[in-house]
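> Sequence first, predicted model second:
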Amino acid sequence: MADVAAADEKNPVAVPARAFPIKLFIIVSVAALMFGVGGAFVTVKFLGDAGKGSESSEEHKASAEVKAESKSEAVGKQGQAASPGAMFDLDPFIVNLADTPDVRYLKLTLKLEADSEAVVAELSARIPQIRDAILVLLSSKDVNAVRTTQGKFQLRDEITQRVNGLLKKPGIRSAYFTEFVVQ
């Protein structure tokens, strides 16, 4: 028995260390990379395009046209830009549109640009009349009239005219839509 113990000491049995399989590591890494790239593609493709509907492209064109118009109007006789007027916020409007077969709603939030602070004070005193005039105007429109860019520009002009008609002296430069939802 002493010979067996001496033989074990001279020739120790080598237990191989368990190595991490490199093939498994490569396969898992490539699979994780593929899922990451695929997930990023799906996110950009579907969620990135979700906000870019036909209405948002129309609104983008409308805002570009508004900027172009405001730049051309803002340039004075001497080439200097006109200063922006005082802004007056109105609470959101939610109205039924005049569509007969379907019930459609319009949610509209707008700001009015006034010539001076005196006009803003007059607007504050006439909020009920202003809201009534705008509500009557909005509820007379149908969905086809307000969805197009042309219709939005016309609606903005009509709101400006109606509000100026309520004031002693016309002092509203323009109306700006800050929220426009048709459902």
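Thanks, I have it.
> after the helix or strand bottoming out on mean pLDDT in the chain comes which helix or strand?
The helix or strand of the chain with the poorest confidence is helix 54-74; it has a mean of 47 (mean pLDDT, DSSP states H and E). The helix or strand immediately downstream of helix 54-74 is strand 86-89, counting by DSSP states H and E.
> which strands and helices sit next to that next one?
Applying 3 or more CB pairs under 8 Å, 6 or more residues apart in numbering; DSSP states H and E, we find strand 86-89 packed against strand 105-114, helix 117-125. Where you see a C-beta, it was placed from the backbone N, CA and C, and this is true even at glycine.
> Just name the most buried of those.
strand 105-114 (a mean of 18; mean count of other CB atoms under 10 Å).
> can you list contacts of that strand?
Here strand 105-114 makes contact (CB atoms under 8 Å, 6 or more residues apart in numbering) with 84-97, 120, 123, 138, 141, 146, 159-160, 163, 171-183.
> Those residues in strands, which ones?
Those of the contacts of strand 105-114 mapping onto strands are 86-89, 93-96, 172-182, per DSSP state E.
> Of those, select the buried ones using a PyMOL command.
Those of the ones in strands among the contacts of strand 105-114 that count as buried under 16 or more other CB atoms under 10 Å are selected in PyMOL with:
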select buried, resi 86+88+93+95+172+173+174+175+177+180
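> Flag the shaky bits of this structure, pLDDT-wise.
Scanning the chain for pLDDT under 70 picks out the ranges 1-20, 48-82.
> what sits against D132?
Neighbouring residues of D132 by CB under 8 Å, 6+ apart: there are none.
> Now do it against A114, distance only.
According to CB to CB, to the nearest Å, D132 and A114 sit 19 Å apart.
> cool, and D102?
For D102, the distance to A114 - CB to CB - is 37 Å.
> Over to S124?
Distance from S124 to A114, by CB to CB: 10 Å.
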